Structures are given as structure tokens and as C-alpha cells.
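[1] What would the 3D arrangement of this be:
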Amino acid sequence: EGLPLTQDEAEAAEAGAAASAAASAEAAAEEEVSERVFAQMHIPRTLGELPLMQIERDIRAARGGQGGSLAYARLNGFNEDLSIATAQGGEGAGAARGEGA
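    Numbers count the residues shown, from 1 in each chain. Prediction:
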């Protein structure tokens, strides 16, 4: 409210600002590391490129109810348990593509 800061209050404010700047710099460094790691990762283009160990791990995850977190499951028409999803009308994948009656 316009009152001058005491020496202790001023030092505390400076320390807080320095800590905030250090935390911000650390977060920026972590973000840069994450981006570099992502840029060097191999991202499979087809399901055939997935390693067998990963496929087995994904099957165990799906059996344990964790299949919804698999990135390729929804994109490829799988349910959370990795069974094949059908169209809402229950007429199979052809109905989802507009094929049929």
C-alpha cells in the first residue's frame, strides 16, 4: 500500500524472484531435452514395425484393462481389449466405411 519495504522484505522478494527465474530456466531446459529425445525416437509407420516385446506388453495391458491408452488401438479400429471394433449399428467395419445397403 505504498509503504516502503524493510531490508528483510526486499531481500526475500529478490530471493523469490531469483528462485522463480531459476525454476523457469530449469523447466525450459527439461522441455528442450524432452524435445530432443522425441526427435531421436523411432516411430513405427506400420503395425508390422512394432517389436514383438511391445506387442506382448500391449496385449497384457489390454487384458488388464489398460488398452484404452494404446495409441494405435483407436486409430486401427480396436476396442480397449484389442478386439475389432464394429460400427454402432453392429454391421461390421463395412458399415463404418459407408459400404452396404
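
[2] Helices of this protein, start to end?
    Using DSSP state H, the helices of the chain run over 7-40, 52-63, 71-75, 93-96.

[3] For the third one, which outside residues touch it?
    Spelled out, that is helix 71-75. Leu47, Ala62, Gly67, Phe78, Asn79, Glu80, Leu82 (Cβ atoms under 8 Å, 6 or more residues apart in numbering). (Each C-beta comes from the backbone N, C-alpha and C, glycine too.)

[4] which residues touch Glu9?
    Glu9 neighbours (Cβ under 8 Å, 6+ apart): none.

[5] pLDDT below threshold where in this structure?
    For the chain, applying pLDDT under 70 flags the ranges 1-3, 68, 87-101.

[6] Asp58 - how many residues pack around it?
    20 (other Cβ atoms under 10 Å).

[7] shouldn't it be in contact with Ser69?
    No: when contacts are counted by Cβ atoms under 8 Å, Asp58 is not listed as touching Ser69 (9.6 Å).
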